[in-house]
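Undergrad: need coordinates for the below:
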Amino acid sequence: MSAFDANVTSAPNGGYRINIPTDTAVVMFGTVTANWKQSVRAAFQHDGTQPGESMNDVYYTFEGSGQGLMSIGPIALPSVVPARTPVLAEETEDQMRVPEPITGPDSTNDGTSVTIRPSNRPRHLTLKFEADRPGAQAGTVASKVTWKKNKVTNYAIYFTFYTEDGGDGDNHDSTFTVNMVLAKKPRVAGK
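TA: Alright, predicted model coming up:
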């Protein structure tokens with residue numbers, strides 16, 4: 001068995017990607033300390049490498065302003081919509097809509113955090129960090145992100161992301177954490 005490990009890489013469409021090892025539970029949540037609205041768009045992907053390639057993908061938006069925990073807001077649908085089968089002549093308008101992703105049995109949320117259950121197949125998360133600037137420079141902007149990895153060998157890996165929206169330069173406008181805990185005993189070499 002390979003060692004229990006994961007790393008942060010650049011996602012193909014911007015943001016960050018974290019591969020989730022098999023047999024790993026994940027908990028995600030964040031805090032905000034900025035007056036400007038901060039957002040983290042998270043895509044939990046079962047298949048494929050891009051958002052929207054699988055109807056099993058699940059999307060979350062964590063957001064908030066002021067001080068406290070980020071709340072889970074509207075679903076952050078990808079810019080790529082999954083392909084669907086051709087429309088048959090007798091289909092109604094309701095049948096022609098592409099269904100939105102649902103949380104399903106692999107993940108749950110309590111309004112401020114998401115828990116992803118262990119699986120025997122590899123999955124990954126993609127994360128995008130943004131802020132809504134007010135005033136003359138109003139609009140959504142990508143946040144400057146710094147991240148740190150902490151690891152407890154064979155037990156847990158924690159990624160902490162710190163963001164700066166450009167308002168004050170303190171690199172502490174939101175803090176978001178992805179916690180991964182191995183849910184299976186690791187094999188010992190030679191056994």
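
Undergrad: in this protein, spot the strand with the most residues.
TA: Longest strand of the chain, by residue count under DSSP state E: strand 123-133.

Undergrad: for that one, which residues meet the burial criterion?
TA: Under the neighbour-count criterion of 16 or more other Cβ atoms under 10 Å, strand 123-133 has 123-131, 133 buried. (Each C-beta comes from the backbone N, C-alpha and C, glycine too.)

Undergrad: helices or strands next to that strand in the packing?
TA: In terms of contacts (3 or more Cβ pairs under 8 Å, 6 or more residues apart in numbering; DSSP states H and E), strand 123-133 is packed against strand 16-20, strand 37-45, strand 139-142, strand 156-164, strand 174-182.

Undergrad: number of nearby residues for the closest residue to residue 112 other than its chain neighbours?
TA: Once flanking residues are discounted, residue 112 sits nearest to residue 69: 4.5 Å by Cβ to Cβ, 6 or more residues apart in numbering. By other Cβ atoms under 10 Å, 14 other residues sit near residue 69.

Undergrad: what bridges to residue 69?
TA: Judged by DSSP bridges, the bridge partners of residue 69 are residue 31.

Undergrad: so who does it touch?
TA: By Cβ atoms under 8 Å, 6 or more residues apart in numbering, the contact set of residue 69 is 29-32, 112.

Undergrad: so what strands line up beside the helix or strand containing residue 62?
TA: Assigned by DSSP states H and E, residue 62 falls within strand 58-64. Strand pairing for strand 58-64, using DSSP bridges, gives strand 37-45 (antiparallel), strand 71-72 (antiparallel).
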